[in-house]
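Peer 1: Here is a sequence together with a model predicted from it:
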Amino acid sequence: MPRFAASLSMMFGEVPLPERFAAAASAGFQGVEIQAPYDHDAAELRALADKAGLEVVLINLPAGDAAAGERGLAGLPGREDAFEAAVVQGIACARALGCSRVHAMAGVPSERATINDCELVMIDNLRRACAGAPDITFLVEPINQRDMPGYLVNRQHQARRIVEAVGAPNCRIQFDFYHCQNMEGDLARHFQAQLPLIGHVQIADNPGRHEPGSGEIGWPFLFDLIDRSGWDGWVGCEYKPAGDTLAGLAWARDHGIG
């Protein structure tokens, strides 16, 4: 049975973030993700997680200047110093939270930058980050162009190319079924092909990025595939509930959640 983690950045929005830990635990989750915990005291969030009996399984590195259109820094030529600072801040936060996985968002390059130049920058940035923090797994996630136009890494083969070029055991792929469905489909084949390099899995249905069962994806087959594959890591529920979070957990009741 997959181990599901609730995205506190998207789920349980009926209550403020500090209250979402208890809400997730009451719903049956044992792990949680937080995209950007940096506006909160990490020690206080860790205390809330510990009290609820939850593991914080994933955070994102700081993603740069959102007002200026930055959606990550790892693959932006000329922003290497900013990425290094984001790594320092993100690692400190992750360690305080007891979290061993961070998503290093690639970013939206300027039109002047070539894909090759951006990938080379990202590879070099990740090599240094991985060498400096062997206790942290840095994740590369393909993100679909509909939700994030211009995002550097958007297909599975591209993420694989970058991770293999980094060549570090703590650089892995973050496989998100929703983003893959939007860009490429063929979910089972892509998941199986990427499996040796996957460090984290995420789910959401399509269209709408809502809970499983709300759209076109065949989740019973895929959950069975995840089990049969031997994947024993977390499966992050990074979706926007179509309505009330608890009401939308009907899909998970066979898995001890909801």
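Peer 2: That came through, no problem. These numbers were taken from a predicted model, which means no experiment stands behind them.

Peer 1: For stretch 74-85, which outside residues touch it?
Peer 2: Outside stretch 74-85, the residues that touch it by C-beta atoms under 8 Å, 6 or more residues apart in numbering are 61-62, 64, 70, 73, 104-107, 109, 113, 117-119, 121-122, 124-126, 128-129, 140, 152-153. All C-beta spots, glycine's among them, are computed from the backbone N, C-alpha and C.

Peer 1: Give me the residues contacting the helix or strand hosting C118.
Peer 2: For C118, the host element (DSSP states H and E) is helix 115-132. Outside helix 115-132, the residues that touch it by C-beta under 8 Å, 6+ apart are 73-77, 80, 83-84, 87, 104, 106-107, 109, 138, 140, 152-153, 158, 161-162, 165-168, 170-171.

Peer 1: pLDDT averaged over that helix, what's the number?
Peer 2: Per-residue pLDDT over helix 115-132 has a mean of 98.

Peer 1: next helix or strand past that helix?
Peer 2: With DSSP H and E, the next secondary element past helix 115-132 is strand 137-140.

Peer 1: Which elements pack onto that following strand?
Peer 2: Counting contacts by 3 or more C-beta pairs under 8 Å, 6 or more residues apart in numbering; DSSP states H and E, strand 137-140 packs against strand 101-103, helix 115-132, helix 156-166, strand 171-176, strand 198-203.

Peer 1: which residues of this structure fall in helices?
Peer 2: Under the criterion DSSP state H, the chain carries helices at the ranges 17-26, 42-52, 80-97, 115-132, 156-166, 177-183, 187-194, 219-229.

Peer 1: Would you mark the buried spots in the last one?
Peer 2: Read that as helix 219-229. W219, L222, F223, I226 (16 or more other C-beta atoms under 10 Å).

Peer 1: do the same with the fourth one
Peer 2: Neighbour-count burial for helix 115-132, with 16+ other C-beta under 10 Å as criterion, is recorded at C118, E119, V121, M122, I123, N125, L126, R127, R128, A129, C130.

Peer 1: can you check the second one too?
Peer 2: By neighbour count, and taking 16+ other C-beta under 10 Å as the criterion, the buried residues in helix 42-52 are A42, L45, R46, L48, A49, A52.

Peer 1: So which elements touch that helix?
Peer 2: When contacts are defined as 3+ C-beta pairs under 8 Å, 6+ apart, helix 42-52 packs onto helix 17-26, strand 55-60, helix 80-97.

Peer 1: Tell me which strands the shortest one pairs with, and in which orientation.
Peer 2: Right, strand 55-60. strand 31-34 (parallel), strand 101-103 (parallel) (DSSP bridges).

Peer 1: gap between the longest one and the chain center?
Peer 2: The offset between the C-alpha centroid of strand 31-34 and the centroid of the whole chain comes to 10 Å, using C-alpha atoms, centre = their mean, to the nearest Å.

Peer 1: And for that strand, what's in contact with it?
Peer 2: The contact list for strand 31-34 (C-beta under 8 Å, 6+ apart) reads 3-9, 17, 20-21, 24, 45, 49, 54-59, 97, 234, 236, 238.

Peer 1: what mean pLDDT does it have?
Peer 2: Per-residue scores along strand 31-34 average to 98.

Peer 1: next one: the last one
Peer 2: Mean pLDDT, computed over strand 101-103, is 98.

Peer 1: Format the helices and strands packed on helix 42-52 as a markdown table; extra columns: mean pLDDT and mean neighbour count.
Peer 2: Conversion of the helices and strands packed on helix 42-52 to a markdown table gives the following (pLDDT from 0 to 100; neighbours: other C-beta atoms under 10 Å):
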| stretch | mean pLDDT | mean neighbour count |
| --- | --- | --- |
| helix 17-26 | 98 | 18 |
| strand 55-60 | 98 | 24 |
| helix 80-97 | 98 | 18 |
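
Peer 1: how about those, which one is nearest M183?
Peer 2: strand 55-60 (19.7 Å; C-beta to C-beta).

Peer 1: what's the angle from that closest one to helix 17-26?
Peer 2: Angle, strand 55-60 to helix 17-26, by axes from the mean of the first three to the mean of the last three C-alpha atoms, to 10 degrees: 130 degrees.
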